[in-house]
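K.L.:
have a look at this prediction, sequence included:
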Amino acid sequence: MAVSNLPTRKEIHQPILDLLSDGKERRWRDIVEKLADHFSLTDKEL
């Protein structure tokens, strides 16, 4: 069953760019964690 309140690619694009704009390297799991916080995603949605 799909979760309908997940952010779209378009919605995720700017927060990712904002996060990466400082040029620091990050692990993918850290990026996902920040995005999950930003969009208030639950464990199930992740």
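P.N.:
Happy to help now that I have it. Numbering: from 1, shown residues only.
K.L.:
please identify the helix or strand for the spatially most central residue of the chain.
P.N.:
Nearest to the geometric centre of the chain sits Leu35, at 2.5 Å (C-alpha atoms, centre = their mean). Per DSSP states H and E, Leu35 falls inside helix 28-38.
K.L.:
for that helix, packing partners?
P.N.:
Packing partners of helix 28-38 (3 or more C-beta pairs under 8 Å, 6 or more residues apart in numbering; DSSP states H and E): helix 9-20. Any C-beta I mention is one placed from the backbone N, CA and C, and that applies to glycine too.
K.L.:
quick one on the thing from earlier: touching, the residue nearest to the centre of the chain and Leu17? I think so.
P.N.:
No. Judged on C-beta atoms under 8 Å, Leu35 makes no contact with Leu17 at a distance of 11.7 Å.
K.L.:
re earlier: flag every buried residue along the helix holding Leu35.
P.N.:
Using 16 or more other C-beta atoms under 10 Å as the test for burial, helix 28-38 gives Leu35.
K.L.:
that one to helix 9-20, inter-axis angle?
P.N.:
On the basis of axes from the mean of the first three to the mean of the last three C-alpha atoms, to 10 degrees, helix 28-38 is oriented at 110 degrees to helix 9-20.
K.L.:
send the alpha carbons of helix 28-38 over as CSV?
P.N.:
Taking C-alpha atoms only, helix 28-38 is exported to CSV below (Å, rounded to 0.1, in the frame of the first residue of the first chain):
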residue,chain,number,x,y,z
TRP,A,28,23.6,9.1,2.3
ARG,A,29,22.1,7.9,5.6
ASP,A,30,22.7,11.4,7.1
ILE,A,31,21.0,13.1,4.1
VAL,A,32,18.0,10.8,4.5
GLU,A,33,17.9,11.5,8.2
LYS,A,34,17.9,15.2,7.6
LEU,A,35,15.2,14.9,4.9
ALA,A,36,13.1,12.7,7.2
ASP,A,37,13.3,15.4,9.9
HIS,A,38,12.5,18.1,7.4
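K.L.:
so what touches it?
P.N.:
Helix 28-38 has contacts (C-beta atoms under 8 Å, 6 or more residues apart in numbering) with 7, 12, 15-16, 19-20, 41, 45-46.
K.L.:
if you rank the residues you listed by neighbours, which is first?
P.N.:
Comparing the contacts of helix 28-38 by number of neighbours (other C-beta atoms under 10 Å), Leu41 comes first, having 17 neighbours.
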